[in-house]
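Below are the sequence and a predicted model for it; my questions follow.
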Amino acid sequence: MTALDTVWTVFTAITFPFYLIFSIIYGSIEYALGHKVKKFQERVFTPKGSVKRVAVVGGGCSGITSAKEALEAGFEVVVFEQTECLGGNWVLRKQEAHASIYKSTSINTSKQMMCFSDYPMADYVSTYPHHEHIVKYFNDYADEFGVRKYVRFNTQVVSVEQNTATGKWTVKTRPSDGTPLYLAGKAQFNESELKSEEFDAVMVANGHHSVPRSASFPGLENFKGHVMHSHGYRDPKTPYDFSGKRTVVVGIGNSGADLATELSRVGQVYLSTRSGAWVIPKFLVGFAMDHLAYNRILMVLLPLKAVIRISSMILQLITTIVQGRPKGWNLDPGVGVFQAHVTMQPELLGRVGTGTVVVKPNIKSFEKDGHSIRFDDGTVVDHIDAVVLCTGYVIKFDFFKDQDKMLVCSKVDKKAGFEEVSENQVRLFENVWNPDLCRTGQQDATIAPTIAFIGLVQPLGAIMPISEIQARWATLVWKGALGLPSQEDMVRRIEDCQKDIKKRYLHRARHTIQVDFPIYLETIASYLGCVPSIKNNKDILKELLLLPTFPPSYRLE
C-alpha cells in the first residue's frame with residue numbers, strides 16, 4: 001500500500017461515521033418522499049382454474065425451481081431441456097457451442113446465500129462451492145422434489161407463440177443434440193420433426209448466458225494469433241494450449257478476472273479493461289463477504305436505498321483497507337463499489353503484483369504486423385499469441401418470433417433507461433411480467449400475463465433464491481391466490497427501476513437487468529407476504545436480525 005493509499009484509507013475511516021449519519025437522514029427523506037417500494041393494490045388477476053398446464057423452458061437452476069413450485073401449486077408441468085442432463089451452464093461440457101463453465105469454476109456467492117430456501121447445501125460443501133458440487137446440489141434438489149420425471153431431455157424449444165383469441169400458448173419442440181438454437185438455425189428444421197403442444201402458461205427459465213457477445217476492434221482481421229470468447233474456454237490447454245503464450249484478456253468481469261489469473265500461471269497475460277473494477281475479497285476475518293454485506297437489521301431500521309448506500313460504503317472502506325484503492329492497481333473504475341458489477345477474484349491482485357498480469361486500458365487497434373496490439377494509452381504490446389474476449393452475453397430468446405414484444409413493455413418511456421444501449425433491453429415489471437401481455441376477460445376484467453420470465457436478472461449476489469421467489473410469485477398469481485397491480489402501476493414501477501439503474505450504473509449492456517440481491521428478494525417477498533415478521537418470530541429474533549438475509553428466512557411466514 002502506497003503512502004497515498006494510507007492517507008486515503010485513514011480519511012475514509014474518519015469520514016465514514018459522518019457518511020453513515022448522512023445516509024440515514026437522506027434515506028429517511030427518500031422514504032418520506034415515497035421513493036421506497038410502495039405496496040400496490042391488486043388489480044390484475046388470473047381466473048381460478050384457468051391455468052392447468054405449464055411449460056417450463058430450461059433445466060438449469062431457474063428451470064428446476066420453476067418446475068418444483070409449479071408442481072406444488074398443483075399444475076401439470078412439462079420441462080423442456082435441450083441437453084441430456086440438468087444443471088444448465090453449471091455443467092462442464094466438451095462442446096464449445098453450448099453454455100458452460102470452465103474446469104476451475106467456483107461460485108462467487110456463499111453456499112448459505114445461494115441455496116434454495118427450503119433445501120440447504122450439505123455441510124461438507126465448501127463455503128464457495130466448486131461447480132461439481134453445485135451440479136450435484138441441483139440434481140439432488142430435483143430428485144428431492146420429484147422434478148426429474150417431468151423433464152423431457154434432449155428436447156429443444158424452437159417456437160413459443162400465444163393464440164391471441166384463447167390466450168393459450170403453442171410450444172413447438174424438436175429432438176436436440178445439444179446445439180443451441182442460435183447456432184442450429186430454424187431454417188434447418190424439418191417440419192415433420194417438430195412436435196406442437198398447447199399450454200395455459202409458460203415459464204421462460206433458460207437463462208441469459210448462452211449467446212456470447214462479440215467485440216470488434218480496428219484491425220482485428222489482421223491478427224494472426226488465436227481469438228476466442230470465454231464462452232468456449234475450458235482450461236489452459238482446452239480448446240487452445242496457452243502454455244508459454246502471451247495472451248490479452250479483454251474484460252474484467254468475473255470471467256475475465258478468473259481467466260487472467262488462471263492463464264497467468266502458464267504464460268504472460270495482459271488484462272485489457274475500458275472501465276476498471278472493484279475487486280472484492282471473498283473472505284474477511286473468517287466470514288464470507290456476502291455474510292457481512294447483507295444484514296437484516298439494516299433492512300428493518302432503514303429505507304432500502306439507504307441500506308445499499310451504507311453497505312456500499314462499508315464494503316468500499318473494507319476493500320480499501322485490505323487491498324488499497326483500485327487506482328493503485330491500475331483498475332480505477334471511477335465509480336462506487338455498487339455502481340458497477342463487482343469482481344470477486346482476489347488472487348488477481350497478487351498476479352498483478354508479480355507482473356504476470358499487466359493491466360492495460362481498452363484496445364485501440366490491432367497492428368498490421370499481425371501480432372501487436374495498440375492500447376488507448378498509446379502503448380503497444382508485441383508478440384501476442386492469443387486474445388480471449390470476456391465480453392459478456394447477449395440476451396436472446398430465439399424461440400420468440402418477436403423478442404422485443406415479449407421483453408419490452410411498449411408503454412414504458414424509453415428515456416427512463418439506457419437509450420444509447422441497443423442490446424439487452426428488458427422492460428418488465430420486476431423483470432418477470434410484461435404488462436402488454438395482460439388480456440381482457442369477462443366484464444372487462446384485466447387478466448394477468450400467462451408468461452413469466454424466471455432468472456432474467458443480473459444480481460449483486462446469487463440468482464438461485466431470486467429465481468425461486470420469482471417462481472413462487474408466478475405460480476401463486478396463476479393459481480388466483482395473488483394479483484398484480486394495474487397495468488399503469490406496473491409501467492410506473494418499471495420506469496422507476498429503469499431510472500434508478502440509469503442513475504446508478506455505468507451505461508453498459510451488462511447492467512440493463514441489474515438488481516440488488518437483498519433488496520430484490522425483500523421486494524418480491526413483500527408482494528408474496530413472506531417478509532420475516534419480528535412479531536411472529538420473537539423466539540429467533542437475535543438470529544433474524546443479526547444474521548445475513550439467508551434465503552430460508554423467506555419461509556418463516
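Received, thanks.

so who does the most centrally placed residue in the chain touch?
With distances taken as C-alpha atoms, centre = their mean, Gln458 lies nearest the centre of the chain, 2.6 Å away. If you count contacts by C-beta atoms under 8 Å, 6 or more residues apart in numbering, Gln458 has them with His208, His341, Arg510, His511, Ile513, Gln514, Val515. For every residue, glycine as well, the C-beta is placed using N, CA and C.

Could you pull up the residues touching the closest residue to Cys438 other than its chain neighbours?
Excluding its sequence neighbours, the residue lying closest to Cys438 (C-beta to C-beta, 6 or more residues apart in numbering) is Thr446, at 5.2 Å. Neighbouring residues of Thr446 by C-beta under 8 Å, 6+ apart: Arg43, Val44, Phe45, Cys438, Arg439, Thr440, Ser486, Gln487.

Of those - the most surrounded one?
The most crowded member of the contacts of Thr446, judged by other C-beta atoms under 10 Å, is Val44 (22 neighbours).

can you pull up the bridge partners for that one?
Beta bridges link Val44 to Leu484, judged by DSSP bridges.

doesn't Pro485 make contact with it?
Yes: assessed by C-beta atoms under 8 Å, Val44 is found in contact with Pro485 at 6.9 Å.

picking up where we left off before, could you check how far the residue nearest to the centre of the chain is from Trp278?
Distance of Gln458 to Trp278, given as C-beta to C-beta, to the nearest Å: 16 Å.

How about Pro552?
According to C-beta to C-beta, Pro552 stands 29 Å off from Trp278.

So for the two, which residue has more residues nearby?
It is Trp278, of Pro552 and Trp278, that has more neighbours when counted by other C-beta under 10 Å, with 26 against 15.

which ones are touching the more buried one?
Gln316, Thr319, Pro326, Pro333, Val337, Ala340, Val342, Thr343 are the contacts of Trp278 under C-beta under 8 Å, 6+ apart.

ok, now Leu556?
Cys530, Pro532, Ser533, Asn536, Asn537, Leu544.

What of Val491?
Val491 makes contacts with Cys409, Lys411, Val412, Pro435, as judged by C-beta under 8 Å, 6+ apart.

Tell me if I am right that it is in a strand.
No: counting by DSSP: H, G, I helix; E, B strand; the rest coil, Val491 is not found in a strand; it is helix.

May I have the secondary structure class of the residue nearest to it when sequence neighbours are not counted?
Leaving aside its sequence neighbours, Val491 sits nearest to Lys411 (C-beta to C-beta, 6+ apart; 4.8 Å). Under three-state DSSP, Lys411 falls in the coil class.

Phe400 versus Lys411, what's the distance?
Distance of Lys411 to Phe400, given as C-beta to C-beta: 19 Å.

Where does the prediction get shaky in the stretch 51-200 of the chain?
Low-confidence segments of the stretch 51-200 of the chain, defined by pLDDT under 70: 96-99, 182-189.

Would you map the strands across it?
53-57, 76-80, 151-152, 155-162, 169-175, 195-199 (DSSP state E, counting those that start in this stretch).

Figure out which of those is closest to His291.
When these are ranked by proximity to His291, the top entry is strand 53-57, at 31.8 Å, counting by C-beta to C-beta.

Report all helices and strands that the closest one contacts.
On a contact count with 3 or more C-beta pairs under 8 Å, 6 or more residues apart in numbering; DSSP states H and E, strand 53-57 meets helix 61-72, strand 76-80, strand 155-162, strand 195-199, strand 201-204.

CSV for these, including distance to Ser216 and mean neighbour count?
Shown next, in CSV, are the helices and strands packed on strand 53-57 (distance: least, C-beta to C-beta, whole Å; neighbours: other C-beta atoms under 10 Å):
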stretch, distance to Ser216, mean neighbour count
helix 61-72, 31, 28
strand 76-80, 34, 22
strand 155-162, 29, 20
strand 195-199, 39, 14
strand 201-204, 29, 27
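
Quick one: closest of those to Lys111.
Evaluated over these, closeness to Lys111 peaks at helix 61-72, with 13.4 Å, by C-beta to C-beta.

Packing partners of the closest one?
Using 3+ C-beta pairs under 8 Å, 6+ apart, helix 61-72 sits against strand 53-57, strand 76-80, helix 131-144, strand 201-204, helix 464-479.

Just the C-alphas of the second one, formatted as CSV.
It stands for strand 76-80. Extracted C-alpha coordinates of strand 76-80, given in CSV (Å, rounded to 0.1, in the frame of the first residue of the first chain):
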residue,chain,number,x,y,z
GLU,A,76,-49.4,-30.2,-14.8
VAL,A,77,-45.8,-29.5,-15.7
VAL,A,78,-43.5,-30.2,-18.6
VAL,A,79,-39.9,-29.1,-18.5
PHE,A,80,-38.1,-28.8,-21.8
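
Give me the angle between that strand and strand 169-175.
Relative orientation of strand 76-80 versus strand 169-175 (axes from the mean of the first three to the mean of the last three C-alpha atoms, to 10 degrees): 40 degrees.

try the longest one
Following the same axes, to 10 degrees, one obtains 130 degrees for the angle between helix 464-479 and strand 169-175.

Please apply the same query to the third one.
Using the same axes, to 10 degrees, the inter-axis angle of helix 131-144 relative to strand 169-175 is 120 degrees.

picking up where we left off before, who wins for proximity to Phe116 among the helices and strands packed on helix 61-72?
helix 464-479 (5.1 Å).

By neighbours, which of the contacts of Val491 wins?
Pro435 (26 neighbours).

That residue and Gln487 touch, don't they?
Yes: using C-beta under 8 Å, Pro435 makes contact with Gln487 at a distance of 4.4 Å.

Is the residue nearest to Cys438 bridged to anything, and to what?
Assessed by DSSP bridges, Thr446 has beta-bridge partners Thr440.

Okay, now the unreliable bits of the stretch 351-500 of the chain?
Across the stretch 351-500 of the chain (using pLDDT under 70), the flagged ranges come out as 419-422.

where do the strands sit along it?
In the stretch 351-500 of the chain, the strands defined using DSSP E, counting those that start in this stretch lie at 357-360, 363-366, 373-375, 380-381, 386-389, 393-394, 439-440, 446-447, 451-453, 458-460.

Would you check the distance separating the first one from the middle of the chain?
Taking C-alpha atoms, centre = their mean, to the nearest Å, one finds strand 357-360 lying 27 Å from the centre of the chain it belongs to.

repeat for the second one
Using C-alpha atoms, centre = their mean, the mean C-alpha position of strand 363-366 is found 30 Å from that of the whole chain.

again with the fifth one
If you compare the mean C-alpha spot of strand 386-389 with that of the full chain, they lie 24 Å apart, counting by C-alpha atoms, centre = their mean.

Any chance you could list what contacts it?
212, 214-215, 223, 225-230, 233, 240, 242, 245-251, 259, 263, 373.

Just the buried ones from those residues?
The neighbour-count test (16 or more other C-beta atoms under 10 Å) marks 212, 215, 223, 225-227, 229-230, 233, 240, 242, 245-251, 259, 263, 373 as buried among these.

And stretch 446-454, end to end?
Terminal residues of stretch 446-454 are spaced 22 Å apart (C-alpha to C-alpha, to the nearest Å).

neighbours around Gly219, how many?
For Gly219, the neighbour count with other C-beta under 10 Å is 16.

re the thing from before, I'd like the helices and strands packed on helix 61-72 written out as CSV, with distance to Gly88 added.
Compiled in CSV, the helices and strands packed on helix 61-72 are given as follows (distance: least, C-beta to C-beta, whole Å):
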stretch, distance to Gly88
strand 53-57, 11
strand 76-80, 12
helix 131-144, 8
strand 201-204, 13
helix 464-479, 11
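
so which of these gets nearest Asp177?
strand 76-80 (14.8 Å).

what's the angle from the closest one to strand 195-199?
Using the same axes, to 10 degrees: strand 76-80 against strand 195-199 is 140 degrees.

What strands flank strand 76-80, and is each parallel or antiparallel?
Strands that pair with strand 76-80, judged by DSSP bridges, come out as strand 53-57 (parallel), strand 151-152 (parallel).

Between Pro435 and Gln487, which contacts overlap?
Counting by C-beta under 8 Å, 6+ apart, the shared contacts of Pro435 and Gln487 are Lys411.
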